[in-house]
Structures are given as structure tokens and as C-alpha cells.
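>>> pasting a predicted model and its sequence here:
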Amino acid sequence: MRAKQIIRSHPGMSSRSRWFSEHCDPTGFQAHATAANLTCSFGGEYHRHVAKISGAILALSLAFLPAVRTLLCAQISEAEFEDRIAAELSSGRLQDAIADARRAAAQYPRSSAIQQMLGAGLFKNGQKDEARVAFRRAIELDPKIPDNYYDLALLELSDNRLRDAAPLLEKYLTLRPDNAQAHLLLGRAEHNLNETIPAIAQFKKALELAPDLPLAHYHLGFACQSQGDLKAALEEFKKEIEITPTFYDSYWLAGDIELDEGDLDGAAELFRRALALRSGGFEAHYGLARVLMAQKKWAEAEADLQKAVAIQPNNIEAHYALARTYAARGKKDDAAREFKIVADLHARQRSSGPGIAGQQH
């Protein structure tokens, strides 16, 4: 009866949670297991043999118990893994982060967060194919997490896989529509895919959410310029200059528009400000030279054009402008040499096939 009472006093022994807790806290488990020796109280030779065998099995089990308990208690939780991997990623310990993420993925194969962190580590380490697999697995495990789509989109953009990136950003924005940067990235992808009207809508949405978002005005201006709306483009480039005054491209693009519209002084100022940021900028040297040629300041124009052709020696337009400048200054031999270079470059382009002229800049 005593044995039955002891068994009744542990009705939860079949429970997995009870079994786990007893292994992590062996005192209660060992006390309960020792009570099995009461089997011999039933009496008889058979029961004594059973008691001996049971005792041997029990002793063997107890011998292995510390190792089992250590294994179970040392198991790292998913949250602990996430904290550890995040710390390793932020400190640049990519190999450690990847190794821990792989261990965590093996232990928690249904965790979308772990797959995302594995993908992040692999992406940062340049292992893009494996990172792509991890990010896709993260989406498969939990399609409601917005950042999984965003991370995979960034990977695709880094490989210029715009048609793969665009739908990922669209999906992300259905889940998190208030991310201005995502609207900007989607607009850039669409514009490069020649979908300019949708791109403009995305740029405007990005600026609606974040009016001072860096490069948003620049990309909107570039898109407007491609549509022939130069007034709007110039306005956007100048706004970008105010927000991001260290960004070179906004200056020379705005300078080109000012030059085409006849504002020579405004254009010259923009080109010079661009050169203050990038002294080796072809576009700014060539643009400033065009302004100086329009002002008939031939000597100054010659200096900028010489710098321009040194930067881009195969640029036909710059060589032609330099040839004209030499001619205007009475340098006939220099002019003839430059005109010969222009002719040679044209002949080389014709023999190389169509489409090269558009790649001069």
C-alpha cells in the first residue's frame, strides 16, 4: 500500500514538463526514484530478483543523469540566441554571428527571426546566395514580418536585380506603408526599369513622409528631368543641395539646366561649387568650360577643357569643345590635333557598333 501511495503522490510523472523540471532539479527526482526500492516489500524470491535488477537499472540511470541534466539545462533559448547574434552582428563579429545563427537554426528550425539573422550575417559577409536562401526561408516561415521582405529586397538591389527587388518592396510597403526610405528605394528601382511615372509617385510619397529625406529630392528631380520637366527638376536639385550640401551630382545637374536656360552666372556658381566637392569631376569641369565659352573667356575655358579630356580621354564632345577653343585662340596646330582626335573617336565608335555614344558620360 505504501508503494501505491507514493506513486499516487506523483501523479504528474508522465508530464514532459514535470520530467524536464525534475532533471534540472534532481533532488526531488532522486528521492522519488529511491522509493522504488520499496518494491522488495512485496516479498518473495521473484520480487527480490526484480528488486536487484531494478536497482541496477536505477543506478545506471542515475549515473547518466548529471550529463543529461547538463545537456538539457544548457540549452539556449531562442531569445538568448537572438540577443547573442545581434550583439555579434553589431560588433562586426560576422563569423561568430553566422556560426551561432546556424546552431540556432538547427535548434529552432521554425524560427523566422533566426533565419533573418542568419541571412543578415551571410549578406554582410558577402555570401549572398546563402543569404538569399535564409531570407526566403524567413519569409516562408512567417510571411507577416515586414523586415524579411525589406532585407531580401536590399540584397537583390545590391546585385542590381531590380525586377526581383521591386515586388519585395511593394509587399513590404503593404505591411509597413510609412517607411519613407522603402518608398525611395522602390522609386529608384522603378525608374531604372523605365517605369518613370510610378517612380515619381514613390519619390513624392517618400517626401510626403519625410520632407528632408536625403537624396529623395535628387531622385525626383532626375525623374522629372527625364520627363522633360526641367523647371521642376531644377527646383528639386536645389532642394537637395540644401538638404545634402555634400552631394556632388545635384550641383552639376542643376548647373546644366541653368546653362541651357541661359543663366550663365548661376550655372558657373553651381559648377564651381561642384568642383569644390570633387576637383576631378568631369561633368563640372566640362559644364564650367561651356559657360566660359559662352562668355568668350577662351583661356579659362581651355584650362577646364584640358582637365575634362584628361579625366575622360574618349569623350568626343569635350575634345570638340577644346578644338573650338584652340581655334578661337588662334592655336591652329592644337585645334587641328583635337579635330583629328574627334574624327578618330567617331570612326572608332562606328566600327564598334551602335550604342557607344550614349555611354560617353
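Happy to help now that I have it.
>>> okay, CA-based contacts and neighbour counts for the rest of this
OK.
>>> now the helices: where do they sit in the stretch 251-361 of the chain?
Using DSSP state H, counting those that start in this stretch, the helices of the stretch 251-361 of the chain run over 264-277, 282-294, 298-311, 316-328, 332-352.
>>> try the stretch 51-200 of the chain
Remark: helices assigned in the stretch 51-200 of the chain by DSSP H, counting those that start in this stretch are 78-90, 94-107, 112-124, 128-141, 146-158, 162-175, 180-192, 196-209.
>>> what's the domain layout of this structure?
Split into domains by automatic domain parsing, the chain comes to 2-73, 77-176.
>>> can you list the low-confidence ranges for the protein?
Low-confidence segments of the chain (pLDDT under 70): 1-74, 353-361.
>>> center of it - which residue?
Centroid check for the chain by Cα atoms, centre = their mean gives residue 154 as the closest residue, at 3.7 Å.
>>> is it true that that residue touches residue 165?
Yes - counting by Cα atoms under 8 Å, residue 154 touches residue 165, with 7.3 Å between them.
>>> grab the nearest non-local neighbour of residue 153.
In space, and not counting its chain neighbours, residue 153 is closest to residue 165: 4.5 Å by Cα to Cα, 6 or more residues apart in numbering.
>>> neighbours around the one you found, how many?
Using other Cα atoms under 10 Å, residue 165 is surrounded by 25 other residues.
>>> tell me the contacts of it?
152, 153, 154, 156, 157, 189 (Cα atoms under 8 Å, 6 or more residues apart in numbering).
>>> got JSON lines for the residues you listed, with distance to residue 305 too?
Below are the contacts of residue 165 laid out as JSON lines (distance: Cα to Cα, whole Å):
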{"residue": "152", "distance to residue 305": "44"}
{"residue": "153", "distance to residue 305": "42"}
{"residue": "154", "distance to residue 305": "39"}
{"residue": "156", "distance to residue 305": "39"}
{"residue": "157", "distance to residue 305": "36"}
{"residue": "189", "distance to residue 305": "34"}
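>>> tell me which two of these sit farthest apart.
By the measure Cα to Cα, 152 and 189 form the most distant pair in the contacts of residue 165, at 14.1 Å.
>>> neighbour-wise, which of these two wins?
residue 152 (27 against 23).
>>> and stretch 275-283, how far out from the chain's middle?
On the basis of Cα atoms, centre = their mean, to the nearest Å, stretch 275-283 sits 28 Å off its chain's mean C-alpha point.
>>> pull out the buried positions in it.
Residues of stretch 275-283 classed as buried by neighbour count (16 or more other Cα atoms under 10 Å): 275, 278, 281, 282, 283.
>>> and the closest residue to residue 171 other than its chain neighbours, how many neighbours does it have?
Of all residues not flanking residue 171 in the chain, residue 149 sits nearest, at 7.1 Å (Cα to Cα, 6+ apart). Here the number of neighbours of residue 149 (other Cα under 10 Å) works out to 25.
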